[in-house]
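Next one to model:
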Amino acid sequence: MATFNVHVTIENKPGISDPEGETILNDLVLKGNHSAVSKIKTAKMLKFTIKEKDKKSAKITVQEICDELRIYNPMVSKVIIDVFDA
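Model (predicted):
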C-alpha cells in the first residue's frame with residue numbers, strides 16, 4: 001500500500017451564482033485596485049491522505065467517500081479530484 005494525498009475541489013457549476021466570489025470582486029472594484037481582475041470564483045478544497053494500492057484506487061475511494069457523505073450537491077456543484085504521491 002502506498003500513501004497518496006488527494007485534493008478534492010468543489011466549485012459551482014457554470015451558470016450557478018457565486019455570491020462570495022461576486023462580493024470579493026465588487027470589493028476590488030469599489031476600492032479601485034486590481035482593475036485587471038474581471039471575475040472571481042470561489043471553491044472549497046478538502047485534502048485527504050489515504051493509503052491505497054495505486055492512484056486510481058485512491059481517487060475512486062475518495063469519490064465514494066464524497067458521494068456517501070454527500071459532501072457536495074451534484075445538482076449545483078462540480079468536483080475535481082487530484083491525486084498526488086505523498
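
only C-alpha atoms for contact and neighbour calcs from this point on.
Fine.

Dump whichever strand or helix holds Ala58 to PDB, restricted to CA.
Taking DSSP states H and E as the criterion, Ala58 maps to helix 55-68. Only the C-alpha atoms of helix 55-68 are listed here, as PDB (Å, rounded to 0.1, in the frame of the first residue of the first chain):
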ATOM      1  CA  LYS A  55      -3.600   6.400  -7.600                       C
ATOM      2  CA  LYS A  56      -6.700   5.100  -9.400                       C
ATOM      3  CA  SER A  57      -7.900   3.300  -6.300                       C
ATOM      4  CA  ALA A  58      -7.200   6.300  -4.200                       C
ATOM      5  CA  LYS A  59      -9.300   8.500  -6.500                       C
ATOM      6  CA  ILE A  60     -12.200   6.000  -6.600                       C
ATOM      7  CA  THR A  61     -12.200   5.600  -2.800                       C
ATOM      8  CA  VAL A  62     -12.300   9.400  -2.200                       C
ATOM      9  CA  GLN A  63     -15.000   9.800  -4.800                       C
ATOM     10  CA  GLU A  64     -17.100   7.100  -3.000                       C
ATOM     11  CA  ILE A  65     -16.500   8.900   0.400                       C
ATOM     12  CA  CYS A  66     -17.600  12.200  -1.100                       C
ATOM     13  CA  ASP A  67     -20.700  10.600  -2.600                       C
ATOM     14  CA  GLU A  68     -21.600   8.600   0.500                       C
END
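
packing partners for the host helix or strand of Thr3?
Following DSSP H and E, one finds Thr3 within strand 2-12. Applying 3 or more Cα pairs under 8 Å, 6 or more residues apart in numbering; DSSP states H and E, one finds that strand 2-12 contacts strand 43-52, helix 55-68, strand 77-85.
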